[in-house]
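Chemist: this one's sequence-less:
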DNA sequence: ATTAAACCCCTACTTCAGGGGGGTTCTCAA
DNA sequence: TTGAGAACCCCCCTGAAGTAGGGGTTTAAT
């Protein structure tokens, strides 16, 4: 139980909070994800002796309460990762939460795959903030639920193999289908797994569950 | 598959859409809940021969596209229930969607319990609008569904373990979680696999993808 | 009282998955 | 020209997954 990975979602819309929590539980390797919609509830839900590994915080809480709350969270639970989500893509908002000490900022319009990547980045000790110079391009082109190999940072071959993995094929059958040696398939699989930040194909499947590839 | 109960969630924020979909799958009696974030995708996702029982539609889509879309949906799929959700509680919004033919309207700030009630009301043929001539029928039939119950020939323990398998947990962690020996878990896994007619857990996951265990 | 089924544990054993070494080509860019 | 990256192949090794034996308990039904 000391190894329980827990997270907490704060959003003033209960349905959204519960929904994101459910998503995190099924896609991001958390054991328990709680959801709160009321700012007062927040402090009751957190166990001071065992704070969550990560808090997903909606930026647009009533009365602009999110930034002060962020500061309080940083003080009380300095080891908790804080990922701020927002519905608007004003770069000023990101800068605000960044200086306030959040570990990551992500737009609600981002695809779920990007969201999963952001979460795993934070979990591995990195941060997640949009680069103000580039960005923009990838997600405007619609089709949010369909994921391309490029969006995942995969090569064409890797994307091809990932599609077969997601269909449940073992390496041997992938090799037959693509006329490759099984060893070569393993190489590609290893590349895919490390790129996705998972440790085996099952995690890859459950992580990308609900998304179509290509 | 003709008895599959499906729903569709439309929200321009992918995470919210997927989150609500996950919530519906786990808390309402739907077998499959799809999520789309792009208006163009909507028409591709719907199978005209087998439209979803219910569509959850975010009111604040870009360019005010929700009302025209609502009308189109009513024409093409008159039997599909439409529940509109919105972040603001302007009564005028509700009136608009009501005259446009929606079966229900609910605020995102409502508790999840209310949301579940609204969904089951619609499913039972009633409507759900605030402030009008309707009363909150308190849980007329609480058929807590059977989304994908163990009634696929699995014992209680097997269902419990299958749920963990579908979340991507390896045998060792399943054993820890249930305080069992790893070997015992393997026994149950073997039982599950032969019962489901698959040869390994990956096939089980891909076979049951989209279904949620209780 | 006996049987059956669900549950639990053990020792093997085989196969697969994934990581670690080696390599080889080919292409593209500095 | 050199170098980097992608795609391909091979061998070895660890560990997980799954099967097949062997035990055992409890509970419910016959």
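Modeler: Here it is on my side, so go on. This is a predicted model, so every value here is computed, not measured.
Chemist: how about the residue most central in space within chain A: what's its closest non-neighbour residue?
Modeler: Of all residues in chain A, the one closest to the mean position by CA atoms, centre = their mean is residue A:116, 2.2 Å from it. Distances taken as CB to CB, 6 or more residues apart in numbering or on different chains put residue A:27 closest to residue A:116, at 5.6 Å, once the chain neighbours are dropped. C-beta coordinates here come from the backbone N, C-alpha and C atoms, glycine included.
Chemist: what about the one you found, how many neighbours?
Modeler: By the measure other CB atoms under 10 Å in any protein chain shown, the count of residues near residue A:27 is 24.
Chemist: tell me the pLDDT of it.
Modeler: If you check residue A:27, the pLDDT there is 80.
Chemist: tally of neighbours for the closest residue to chain B within chain A?
Modeler: In chain A, the residue that lies nearest chain B is residue A:19 (2.4 Å; CB to the nearest CB). Using other CB under 10 Å, residue A:19 is surrounded by 29 other residues.
Chemist: with residue A:40 instead?
Modeler: If you count neighbours by other CB under 10 Å, residue A:40 ends up with 7.
Chemist: then residue A:166?
Modeler: 19.
Chemist: who's in contact with it?
Modeler: Counting by CB atoms under 8 Å, 6 or more residues apart in numbering or on different chains, residue A:166 touches A:204-205, A:208, A:213, B:206.
Chemist: quick one on the thing from earlier: for the residue nearest to residue A:116, give its distance to DNA strand C.
Modeler: Per CB to the nearest atom of the strand, to the nearest Å, residue A:27 is found 17 Å from DNA strand C.
Chemist: and if you look at residue A:63?
Modeler: According to CB to the nearest atom of the strand, residue A:63 stands 46 Å off from DNA strand C.
Chemist: where's that residue relative to DNA strand D, distance?
Modeler: Residue A:63 sits 47 Å away from DNA strand D, going by CB to the nearest atom of the strand.
Chemist: would you say that residue is within a helix?
Modeler: Yes: per DSSP: H, G, I helix; E, B strand; the rest coil, residue A:63 lies within a helix segment.
Chemist: so what's the residue count around it?
Modeler: Residue A:63 has 7 nearby residues by other CB under 10 Å.
Chemist: report pLDDT for it.
Modeler: Looking at residue A:63, its pLDDT stands at 73.
Chemist: quick revisit: and which of the contacts of residue A:166 is nearest DNA strand C?
Modeler: residue A:204 (7.3 Å; CB to the nearest atom of the strand).
Chemist: quick check: chain neighbours aside, which residue is closest to the closest one?
Modeler: Spatial nearest neighbour of residue A:204, excluding adjacent residues (CB to CB, 6+ apart): residue A:198 at 5.0 Å.
Chemist: so for stretch A:41-60, what's the average pLDDT?
Modeler: pLDDT averaged over stretch A:41-60 gives 86.
Chemist: quick one: is it near chain B?
Modeler: No: judged by CB under 8 Å from any CB of the partner chain, stretch A:41-60 and chain B are separated, with a smallest distance of 9.4 Å.
Chemist: with that, I have no additional questions.
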